[in-house]
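Participant: whatever this is, show me its structure:
(4 chains)
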Protein chains: 2
Amino acid sequence: MTDDPAISLLIVDDHPVVRDGLRGMFESAPGFRVLGEAADGNEALERAAALDPDVILMDLRMPGGGGVDAIRELSRRGARAKVLVLTTYDTDSDTLPAIEAGATGYLLKDAPREELFTAVRAAADGRTVLSPAVASRLVSAVRTPRSPGGEPLSAREREVLALVARGTSNREIARELFISEATVKTHLTHLYAKLGVKDRAAAVAAAYDRGILG
Amino acid sequence: MTDDPAISLLIVDDHPVVRDGLRGMFESAPGFRVLGEAADGNEALERAAALDPDVILMDLRMPGGGGVDAIRELSRRGARAKVLVLTTYDTDSDTLPAIEAGATGYLLKDAPREELFTAVRAAADGRTVLSPAVASRLVSAVRTPRSPGGEPLSAREREVLALVARGTSNREIARELFISEATVKTHLTHLYAKLGVKDRAAAVAAAYDRGILG
DNA sequence: CCCTCCATCAGCCGATCGGCCGATGCCGTT
DNA sequence: AACGGCATCGGCCGATCGGCTGATGGAGGG
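Facilitator: A predicted model of the protein is given here:
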C-alpha cells in the first residue's frame, strides 16, 4: 500500500453495458485495475469481501439488493473500500441516503472520462467527490433528520396531508381545520421531513407508497 | 455484402460510459465492427450517412435531437441501416413511438451480453427483436386501458406526472425530458384538466387512485 | 383539405408555496 | 424540574406554480 501500484476497483451496476463501459475505460487507463463486477447489492457485498478493492463504483438503482443498503452494510462492516456512487440522474432521491450510508462520492454517469478518473483517485485517497449539482443539494439538507424505516406521521399531519391530496390549498386547509395558515405550513414542513420529500406532490406519492393514503 | 464478414455498427448514446461499454463489448466479440459513435440524434444522422452501418444502436433520450426523431428521419431517407433501440427503462413511454418510427428492435440496457449480440444479428437480418418486458408492454398498450370516468393521459403527460410524483420541479422536469419549462407547464395544465384536479398534489393522488401511478 | 390531437414554446402575472427566523402552551417522560 | 414531542401562531421573502393568451408543426382522421 505504500508504493500504491494501481487503484483496484469493483464495478457494481445492473447494466452489463455500463459495467463494460467502466471496465474498458479503467482498464485502458494507467493506474487502475478492475478486480471484478457485480450486478446488484448482494453480489457487491460478496465480491467486496472476496476481492478487497480500493474503490467500489456503485449504481444505486438495482434489482435484488439496492445500492444504498449495500453501502450501509459495507460501512457497518468497516470495509476498507471507498464507495463512489455513479448514477444517471442528479434528481435521484437516493442521493442523501447514499451519502449518509457512507458513500465517499457521488457522480453522474454522463461525467467526462477525466472527471471519472480524478474522482476515483480522490475517492481512493478518502477525499469526498461530489458533482456540483449533488453538492448543492447536500448542504441544504445536512440537518434534515431522516429515518429509512419511516417516522410515523402525527394525527394532525395525516389530516393535513389528506387534504393536500385533494388539492386543497394551505389557506383552505386552515379554514377546514380551524387553524391558521402558518400552522398548516408548519405541519407540512414537518411531514415533508418525515417522508423525506420536498414538496406536496412528492408527499402525496410517498403517502400512497407507504399506505398512509389510498 | 454476400459473404458478410462482419456486422458494422453505429453507436448512439449521450453517455460516454455507455458508448464505451457498447464499443468494447462489440469490438471484443467476433462478427462485429464498430464504425463510429454519436452523442445525439443529429450527430447520428450525419454519421449514419457517412458510415453506412448495418445496425444502429440507439438510445432514445438525448439532448439535441431525440432518438425517435432520428429514427423517423432515417426511415424517411430509406436508410439501409436497421435501428436497434437500447434504452434504460422498460417504463419508457417512447416505446411505441420508436417502433412506429421504424425501429427494428427495442432492448433494455440491462440485457445480458449474449442477448445483445443475438439481437444485433437478428436486427441485421431485418428481424424484429423486442425484450420480453417491452413486448408485454406493447400488447397491453395496444389494448389501451381506458379508465372509466376519465380521459386517458398522453404518454408525455404520464411521464411528466411520474416525475411530479417524485417531487421534481418543473424546471428539473424540463431538463430531464429535454424540453422547455413552458412545455412542462402545458402538459401539466392538460393533465390537470383530464384528471379533474387543480394542482400537482391532487394530480398525484388521482393518478394513484386510478392506477396510473403506484 | 380541413380539423383535431399532441407536443413544443413564449411571455406575463398574481397566487401559492416552502424555508427560515422566531414564539407559546400542553402533555408525558425522565 | 427539565426535556422533548406535538400543536399552535407570526412575519418575511424568494422560488415556484398555475392561469392566461397565443403560436408553430407534425400526425392522423374525416
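Participant: give the pairing partners of the helix or strand A:Val34 falls within; include direction for each.
Facilitator: In the assignment (DSSP states H and E), A:Val34 maps to strand A:32-38. Here strand A:32-38 is paired, per DSSP bridges, with strand A:7-12 (parallel).
Participant: run through who's touching the strand it pairs with.
Facilitator: Strand A:7-12 is contacted from outside by A:19, A:22-23, A:26, A:31-41, A:43-44, A:47-48, A:51-59, A:62, A:67, A:70, A:81, A:120-121, A:124, using C-beta atoms under 8 Å, 6 or more residues apart in numbering or on different chains. C-beta here means a position set from N, CA and C on the backbone, and glycine is covered the same way.
Participant: inside strands: which ones of those?
Facilitator: Under the assignment DSSP state E, those contribute A:32-38, A:55-58 to strands.
Participant: okay, and the beta partners of A:Val12?
Facilitator: Residues in a beta bridge with A:Val12, per DSSP bridges, are A:Ala38, A:Met58.
Participant: pull the longest helix from chain A.
Facilitator: Ranked by residue count, the top helix of chain A under DSSP state H comes out as helix A:181-195.
Participant: is chain B contacted by it?
Facilitator: No. Using C-beta under 8 Å from any C-beta of the partner chain as the criterion, no contacts between helix A:181-195 and chain B are found, and the smallest distance is 9.2 Å.
Participant: so the helix or strand harbouring A:Arg158 versus helix A:181-195, what angle?
Facilitator: Here A:Arg158 is covered by helix A:155-164, with elements defined by DSSP H and E. Relative orientation of helix A:155-164 and helix A:181-195, computed by axes from the mean of the first three to the mean of the last three C-alpha atoms, to 10 degrees: 100 degrees.
Participant: helix A:155-164 near DNA strand C at all?
Facilitator: No. Helix A:155-164 is not in contact with DNA strand C by C-beta under 7 Å from any atom of the strand; minimum separation 7.6 Å.
Participant: could you point out which element follows that helix?
Facilitator: Next helix or strand after helix A:155-164 toward the C-terminus (DSSP H and E): helix A:170-177.
Participant: buried ones among the contacts of strand A:7-12?
Facilitator: A:19, A:22-23, A:26, A:32, A:34-41, A:43-44, A:47-48, A:51, A:53-59, A:62, A:67, A:70, A:81, A:120-121, A:124 (16 or more other C-beta atoms under 10 Å in any protein chain shown).
Participant: on that earlier part again, now the helix holding A:Arg158: buried residues?
Facilitator: Of the residues in helix A:155-164, those buried under the neighbour-count criterion (16+ other C-beta under 10 Å) are A:156-158, A:160-164.
Participant: what subset of these is also close to chain B?
Facilitator: Restricting those to those within reach of chain B (C-beta under 8 Å from any C-beta) leaves A:Val164.
Participant: can you list the domains in chain A?
Facilitator: Listed domain ranges for chain A are A:7-141, A:155-209 (source: automatic domain parsing).
Participant: report the distance from the first one to the chain centre.
Facilitator: What it means is domain A:7-141. Distance, stretch centre to chain centre, for domain A:7-141: 11 Å (C-alpha atoms, centre = their mean, to the nearest Å).
Participant: wait, does it contact DNA strand D?
Facilitator: No. Applying C-beta under 7 Å from any atom of the strand, one finds that domain A:7-141 is not in contact with DNA strand D, the shortest distance being 11.2 Å.
Participant: which residues does stretch A:167-178 contact?
Facilitator: The set of residues that contact stretch A:167-178 without belonging to it, under C-beta under 8 Å, 6+ apart, is A:156, A:159-160, A:163-164, A:180-181, A:183-185, A:188, B:197-199, B:201-202, B:205.
Participant: can we see that at 10 Å?
Facilitator: Outside of stretch A:167-178, the residues within contact range by C-beta atoms under 10 Å, 6 or more residues apart in numbering or on different chains are A:156, A:159-164, A:166, A:179-185, A:187-188, A:200, A:204, B:192, B:195-206.
Participant: phi, psi of the residue sitting furthest away from the middle of chain A?
Facilitator: For chain A, the residue at maximal distance from the C-alpha centroid (C-alpha atoms, centre = their mean) is A:Phe178, at 38.9 Å. The phi/psi pair for A:Phe178 (degrees, to the nearest 10) reads phi 60, psi 40.
Participant: okay, now the unreliable bits of chain A?
Facilitator: Applying pLDDT under 70 to chain A picks out residues A:1-4, A:61-66, A:88-97, A:99-100, A:128, A:130-151.
Participant: I'd like the distance between the residue farthest from the centre of chain A and A:Arg158.
Facilitator: 17 Å (C-beta to C-beta, to the nearest Å).
Participant: same thing with A:Glu176?
Facilitator: Plainly put, A:Glu176 is 14 Å away from A:Arg158 if you go by C-beta to C-beta.
Participant: cool, and A:Gly214?
Facilitator: 13 Å.
Participant: find the residues that touch each one of the two.
Facilitator: With contacts defined as C-beta under 10 Å, 6+ apart, the residues shared by A:Gly214 and A:Arg158 are A:Ala207.
Participant: would you turn the domains of chain A into a markdown table with distance to B:Ile7?
Facilitator: Output for these, formatted as a markdown table (distance: least, C-beta to C-beta, whole Å):
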| stretch | distance to B:Ile7 |
| --- | --- |
| domain A:7-141 | 17 |
| domain A:155-209 | 44 |
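Participant: OK, contacts around A:Leu116?
Facilitator: For A:Leu116, the contact set (C-beta under 10 Å, 6+ apart) comprises A:22, A:25-26, A:29, A:57, A:84, A:86, A:107, A:109, A:129, B:16-17.
Participant: and of those residues, the nearest to B:Ser75?
Facilitator: Checking these against B:Ser75 by C-beta to C-beta gives B:Pro16 as the nearest, at 27.4 Å.
Participant: backbone dihedrals for that closest one, please?
Facilitator: On the backbone of B:Pro16 - angles per degrees, to the nearest 10 - the values are phi -60, psi -40.
Participant: surely it meets A:Leu108?
Facilitator: No. Checked against C-beta atoms under 10 Å, the pair B:Pro16 and A:Leu108 is beyond contact range at 11.1 Å.
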